[in-house]
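**Q** only geometry, no sequence info:
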């Protein structure tokens, strides 16, 4: 019996059985070695506080993250060309008649203003002179066709294929502002919307149009 107890006393005591190490090839963990939960509790954390789980410094960009600064693309053809065309259009014809000029232009977005006078665009009513609906529709149509042109490619121009105008309230003579946007463009068509506002910001009309792209 003494020899048995003496043999047991010489055996080392093992408090836990070490688990095999497992390699995980998941995203962000490729090539890392993960040990058992017990080893993680008894040792230092596998990922120190100053590192992310993928081994990058905390706060640093992920290798697949988008660049911090987006590269600015070249100015689209329509956006670049439209202001030059307006210098010609505003010299004569209907654009000159309603005094249209560009306030702001970007790809798929345009702000125009027109100068509606009582003598040239007014219509007499019992409540005073208002701007004729045809002049308002002309400004809206001009805005819709022009905003579609901002999405045009070189060699293309725009024509109105369908136009719908809703007149919400009378407009007084003076400065009117049209704001147009391109909602969708296909190969041949653009679907656009616009509002026409009084100088103070009150919307007097809303318009929608289908604009066709044709060869210039």
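**A** It's in. Quantities reported herein were computed from a predicted structural model and do not represent experimental measurements.

**Q** ok, residue 75 to residue 184 distance?
**A** Distance, residue 75 to residue 184, using C-beta to C-beta, to the nearest Å: 22 Å. Glycine gets a C-beta too; all of them are placed from N, C-alpha and C.

**Q** show residues contacting stretch 152-170.
**A** By C-beta atoms under 8 Å, 6 or more residues apart in numbering, the surrounding residues in contact with stretch 152-170 are 77-78, 125, 127, 130-131, 133, 136-137, 140-141, 144-146, 148-149, 189-190, 202-216.

**Q** the biggest helix by length in the chain: what's the following helix or strand?
**A** In the chain, assigned by DSSP state H, the helix with the most residues is helix 133-149. Next along the chain after helix 133-149, taking DSSP states H and E as the criterion, comes strand 156-167.

**Q** just the buried residues of the following helix or strand past that following strand, please?
**A** Going down the chain from strand 156-167, the next helix or strand is strand 174-185, by DSSP H and E. Residues 176, 177, 178, 179, 180, 181, 182, 185 are the ones in strand 174-185 that count as buried (16 or more other C-beta atoms under 10 Å).

**Q** list the helices and strands the longest helix of the chain packs on?
**A** Secondary-structure packing of helix 133-149 (3 or more C-beta pairs under 8 Å, 6 or more residues apart in numbering; DSSP states H and E): helix 77-89, helix 93-97, strand 109-116, strand 156-167, strand 174-185, strand 189-198, strand 203-215.

**Q** closest one to residue 103 among these?
**A** strand 109-116 (4.2 Å; C-beta to C-beta).

**Q** now do the next helix or strand after that closest one, average pLDDT.
**A** Later in the chain than strand 109-116, the nearest helix or strand by DSSP H and E is helix 118-121. The average of the pLDDT scores along helix 118-121 is 96.
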